[in-house]
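Chemist: A structural model of the following input is requested.
(2 chains)
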Amino acid sequence: MTRYTPSEIEARWQAAWEQSDIFKAVRSADKPKYYVLEMFPYPSGRIHMGHVRNYTMGDVIARYKLAKGFNVLHPMGWDAFGLAAENAAMQKGIHPGVWTYQNIEDMKSQMKPLGFSLDWSREIATCHPDYYQHQQAMFIDMIEAGLIYRKNAVVNWDPVDMTVLANEQVEQGRGWRSGALVERRELTQWFFKISDYSEELLEALDRLENWPAKVRLMQENWIGKSRGLQFAFSTIDAPEGHDRIEVYTTRPDTLLGASFVGISPDHPLAKLLERDNPEIAAFVAECRKGGTTEEAIETGEKLGFDTGIRVRHPFDTAQEMPVYIANFILMEYGTGAIFGCPAHDQRDFEFATKYDLPIIPTFLPSEDSADALEEAYVPAKTEKVYFVRGFAGDTWQTGLEAIDAAIAFCESQGVGQGVTKYRLRDWGLSRQRYWGCPIPVVHCDDCGVVPEKKENLPVKLPEDVTFDIPGNPLDRHTEWRTTPCPSCGKSAQRETDTMDTFVDSSWYYARFTAPHADTPTVMEDAQYWMKVDQYIGGVEHAILHLLYSRFFARAMQITGHLPKSAIEPFDALFTQGMVTHAIYRSTGANDRPVFHYPEEVDLNGDKAFLKDGGAELDIIPSAKMSKSKNNVVDPLNIISAFGADTARWFVLSDSPPERDVEWTASGAEAAYKHLSRVWNISDRIAAMSDGAEGEGSEELLRQMHKTIHDVTMGIESFGFNAAIAKLYGFTAILQKSKASKAAKREAVMTLAQLMSPMTPHLAEDIWATQGGEGLIAKAPWPQANDSMLVDDMVTLPIQVNGKRRAEIEVPADMDKGEIEKLALAHEAVIRILDGNAPKKVIVVPGRIVNVVV
RNA sequence: GCGGGCGUGAUGGAAUGGUAGACAUACCAGACUUAAAAUCUGUUGGGGCCUAGCCCCGUGUGGGUUCGAGUCCCACCGCCCGCACCA
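Modeler: Prediction:
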């Protein structure tokens, strides 16, 4: 008897696949195409279990579709620009390019042994000029198409290091290196006009039927369409040019509950006031402390400053309200100014309480409710409420009705107009960093901002840069910066900002359809391969990456780089959960957290101790595996111990793919045992003498067809864990079966086929052992025979008042009346009824009987 | 703070509104073995009783809809993800 030896088997079959070139995608008119794509990895240096899980799921789909007769495109590449490469450069003195390309080599060599059905001939890396030159060409096209513009926007500024920081580099309002309090500072930056497409991106969500509902909902909320009223308060004692303050509100029905006006610290009026008033300047400076994230702004302490300016209420000019500068108002949304209605907004309520402003309800739950509120009264907009200070519509109306009535009334009175606004902001793409795609424009004293000529592309990153000083090395590289103006030819300066890495990942799926072309895309290839039929990746990308890609596909269509059929680039989306693992943390110098690898930790009950020294560690349970937190489990350890098939089988079993999976060591061994068992079964069947008779062959084949059906359904619906459970079940049946050799051979070959998307190497080996023709990867997917799926008899549970009391076995086609009679005649039912007649009997054929007493 | 999601045995989890706990792990018992490992077989949600069997409780907490709720609705608690410069 031989043993299951994955290392030998896997190398052999990987070589066979490579030799036959079966995963190379070639356009072909005579087969339907299928494009499977997993979100491409950032080359951080090592693959982790999240990658293995993601790419294994994609590989199951790709191999399954190949067996189903599709012409499959399944490519892989590298999202290779980004911050981590510059951090490595600063920490280790390695050039970001050297670091990145080395990581790509390493990760590719770690991925290869997993046996994915990838077309490596299409590999791309976004940091390579062969990729980013096309991005630069499209950028120039998009400037010409009016899809890109410049404006001021705020960034995190580290006043000690004198550099821009990413949000990730801000920890509790301080720069991660300098520890200095971060400030918000304005810079002129490049933007994509994604907000012009708000309605289009929102409306098209409805047609993304194969996307998870939660992702569509998140995008809908992110775009944030709202209908509201825009109007102006007239001011008293305001500086010239500010005799009106424009505000936007989604709750115009609460206008008579207004008690103050708030403006953003970045509002033009605030900026004007800060020039002449040192107190206001100090307050605004205070507001600018801290990071730029919405989270920081929303969770920070709400601060206000009374400017002394007053406004008149539009419906009651005798009522004057103060104008506050408030740190929680965003200049980017609406007009950067609001009216505060403390009675119906909890944030305004807290603000009013803090600054002693009146709290005036406009509506109450009922006529006799108290007028004094303990907290803001914010009912659902669909709830009918009693208006005590209404000015339009009925006394009793829902929020929705009241808003419409208020807008109509205000418009009729000439107080503002109904306006539709979107929360979605334009996409700022400028990054003050080296390791990104250079923005291909030149700043000329005479001609202004001029796009580089296309024949001068790529604008390559200079290689001779250093990272010993904080800041963007491109800024200091005079030789690289200085270039002739593309328009007048005089000496001019290159743009030193590079592009957001989201730009790189917003079109890579299209580049895969013609990865070596000397234009960004080739129309025939894009027409043939796009859309991506199945896109798979982490739910953490539900909004930004997916929304930007949807926008970019539209922008590429406008500039002639994609066909109209591809403006929704991803036909079906699956968002997998993350692989999590506990984080082990101790506190190091300066109170900085220190993270420890699982290998360095001894677990004792629910406590963790450092092997070296025995110090007790904090355990942060179930956190996303992250390199910076050192809680990464290396899949290579599993592969070298048990083989790739075990790793693949393990990441698919147990957890449903959309849910997070907590990594545990015990599961891998079980997977290995099971694969060995299957291998041994095949071995024993091969050793049976040809023509050997047996018993239960018919039943074995019946179970086989059921398994074909269930596993096929499981794969189609991303129920990989359920499909695997069925395969476990069938393996047990086959193992115990005393069927004929012919039946067993058919069963084990089918089992191998059903397992082949998950454990392709093992499947090939069994196929070959049993004398299957050619590669199993190319064999057509087995078909379940419908007549083998139906059982003659079914077991029906009998409930009394919803509680299960008995069961009966009946022919599958028995009619309802007969079933009811049988159920009522059952001894347990008679005993429980105790002579009483049932009120009602519900018979669900093939399912259940419920007797209601 | 805002938006989205999740919550089921000791553990990972299964369950088109229809027998809760499939399948796997772990544990326990048995077979094989001088022994162990490996392999194979079987048991296992909690409690109770008149123990071939029957009854009660049980899917984060509290309420609701329904003949019937893990599943749908509402509120709360806990955890996870995202929040526009991490990718």
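Chemist: alpha carbons only for contacts and neighbour counts from here, please
Modeler: Noted.
Chemist: helices and strands around the helix or strand hosting residue A:191, which ones?
Modeler: For residue A:191, the enclosing helix or strand under DSSP states H and E is strand A:183-192. Applying 3 or more Cα pairs under 8 Å, 6 or more residues apart in numbering; DSSP states H and E, we find strand A:183-192 packed against strand A:148-158, strand A:427-428, strand A:430-431.
Chemist: could I get these as a markdown table with mean neighbour count, distance to residue A:114 and mean pLDDT?
Modeler: Listed next are these as a markdown table, based on neighbours: other Cα atoms under 10 Å; distance: least, Cα to Cα, whole Å; pLDDT from 0 to 100:
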| stretch | mean neighbour count | distance to residue A:114 | mean pLDDT |
| --- | --- | --- | --- |
| strand A:148-158 | 19 | 41 | 95 |
| strand A:427-428 | 19 | 37 | 96 |
| strand A:430-431 | 23 | 36 | 96 |
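Chemist: Take these and lay them out in TSV including distance to residue A:754.
Modeler: Formatted as TSV, these follow (distance: least, Cα to Cα, whole Å):
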stretch	distance to residue A:754
strand A:148-158	50
strand A:427-428	45
strand A:430-431	48
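Chemist: possible to save these as TSV with distance to RNA strand B?
Modeler: What follows is those, written out as TSV (distance: least, Cα to the nearest atom of the strand, whole Å):
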stretch	distance to RNA strand B
strand A:148-158	5
strand A:427-428	5
strand A:430-431	5
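Chemist: Which of the ones you listed sits closest to residue A:740?
Modeler: strand A:427-428 (66.0 Å; Cα to Cα).
Chemist: what pairs with the closest one, and is each one parallel or antiparallel?
Modeler: Under the criterion DSSP bridges, strand A:427-428 sits next to strand A:183-192 (antiparallel) in its sheet.
Chemist: Report the mean per-residue pLDDT for the strand it pairs with.
Modeler: For strand A:183-192, mean pLDDT is 94.
Chemist: how far does it sit from the chain's center?
Modeler: From the chain centre to the centre of strand A:183-192 is a distance of 26 Å (Cα atoms, centre = their mean, to the nearest Å).
Chemist: If we go by neighbour counts, what in it is buried?
Modeler: Residues of strand A:183-192 classed as buried: A:183, A:184, A:185, A:189, A:190, A:191, A:192 (neighbour count, 16 or more other Cα atoms under 10 Å).
Chemist: got the CA positions of stretch A:207-222 in CSV?
Modeler: Output of stretch A:207-222 as CSV, limited to C-alpha atoms (Å, rounded to 0.1, in the frame of the first residue of the first chain):
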residue,chain,number,x,y,z
ARG,A,207,-29.2,46.8,-11.9
LEU,A,208,-26.2,45.1,-10.1
GLU,A,209,-28.4,42.2,-9.2
ASN,A,210,-25.4,39.9,-8.6
TRP,A,211,-23.9,42.2,-6.0
PRO,A,212,-24.5,41.7,-2.3
ALA,A,213,-27.4,43.8,-1.1
LYS,A,214,-25.3,45.1,1.8
VAL,A,215,-22.7,46.5,-0.6
ARG,A,216,-25.3,48.2,-2.7
LEU,A,217,-26.8,49.7,0.4
MET,A,218,-23.5,50.9,1.7
GLN,A,219,-22.7,52.6,-1.7
GLU,A,220,-26.2,54.1,-1.7
ASN,A,221,-25.7,55.6,1.7
TRP,A,222,-22.2,56.7,0.8
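Chemist: Okay, buried residues for it please.
Modeler: By neighbour count on 16+ other Cα under 10 Å, the buried set for stretch A:207-222 is A:211, A:215, A:216, A:217, A:219, A:220, A:222.
Chemist: same deal with stretch A:385-392?
Modeler: Buried, per 16+ other Cα under 10 Å, within stretch A:385-392: A:385, A:386, A:387, A:388, A:389, A:390, A:391, A:392.
Chemist: and which of those residues is nearest to RNA strand B?
Modeler: When the buried residues of stretch A:385-392 are compared for distance to RNA strand B (Cα to the nearest atom of the strand), residue A:385 wins out at 15.9 Å.
Chemist: Three-state assignment for the closest one, please.
Modeler: Under the three-state scheme (DSSP: H, G, I helix; E, B strand; the rest coil), residue A:385 adopts strand.
Chemist: Who are the contact partners of it?
Modeler: By Cα atoms under 8 Å, 6 or more residues apart in numbering, the contact set of residue A:385 is A:363, A:364, A:365, A:366, A:396, A:397, A:398, A:399.
Chemist: any idea how far residue A:103 is from it?
Modeler: Counting by Cα to Cα, to the nearest Å, the gap from residue A:385 to residue A:103 is 61 Å.
Chemist: Backbone dihedrals for residue A:696, please?
Modeler: phi 80, psi 20 (degrees, to the nearest 10).
Chemist: How many residues are close by it?
Modeler: Other residues within reach of residue A:696, judged by other Cα atoms under 10 Å, total 13.
Chemist: Please name the nearest non-neighbouring residue to it.
Modeler: Excluding the flanking residues, the one nearest residue A:696 by Cα to Cα, 6 or more residues apart in numbering is residue A:739, at 5.2 Å.
Chemist: neighbours of that neighbour, just the number please.
Modeler: Neighbours around residue A:739, by other Cα under 10 Å: 21.
Chemist: Wait, it touches residue A:697, no?
Modeler: Yes - assessed by Cα atoms under 8 Å, residue A:739 is found in contact with residue A:697 at 4.5 Å.
Chemist: In the stretch 451-600 of chain A, what residue lies closest to RNA strand B?
Modeler: Closest point on the stretch 451-600 of chain A to RNA strand B, by Cα to the nearest atom of the strand, is residue A:540, at 3.7 Å.
Chemist: how near is that residue to residue A:574?
Modeler: Distance from residue A:540 to residue A:574, by Cα to Cα: 12 Å.
Chemist: Which residues outside stretch A:258-276 are in contact with it?
Modeler: Outside stretch A:258-276, the residues that touch it by Cα under 8 Å, 6+ apart are A:242, A:280-282, A:284, A:287-288, A:311, A:321-331, A:336-342, A:357-360.
Chemist: let me redo that: stretch A:360-379
Modeler: With contact meaning Cα under 8 Å, 6+ apart, stretch A:360-379 is reached by A:253-259, A:341-346, A:349, A:359, A:385-390.
Chemist: In helices only, show me those.
Modeler: Those of those mapping onto helices are A:346, A:349, per DSSP state H.
Chemist: from the contacts of stretch A:360-379, which would you call buried?
Modeler: A:253-259, A:341-345, A:349, A:359, A:385-390.
Chemist: Who has more neighbours out of residue A:540 and residue A:574?
Modeler: Neighbours were counted for residue A:540 and for residue A:574 using other Cα under 10 Å; residue A:574 has more, 21 against 12.
Chemist: mind checking the SS state of that one?
Modeler: strand.
Chemist: Enumerate every residue touching it.
Modeler: Here residue A:574 is in contact with A:211, A:212, A:534, A:535, A:536, A:537, A:658 (Cα under 8 Å, 6+ apart).
Chemist: from those residues, which two are the most distant?
Modeler: Greatest spatial distance in those: A:534 and A:658, 14.5 Å, computed using Cα to Cα.
Chemist: Also within reach of RNA strand B: list those from the buried residues of stretch A:207-222.
Modeler: Filtering these for neighbours of RNA strand B using Cα under 7 Å from any atom of the strand leaves A:215, A:217, A:222.
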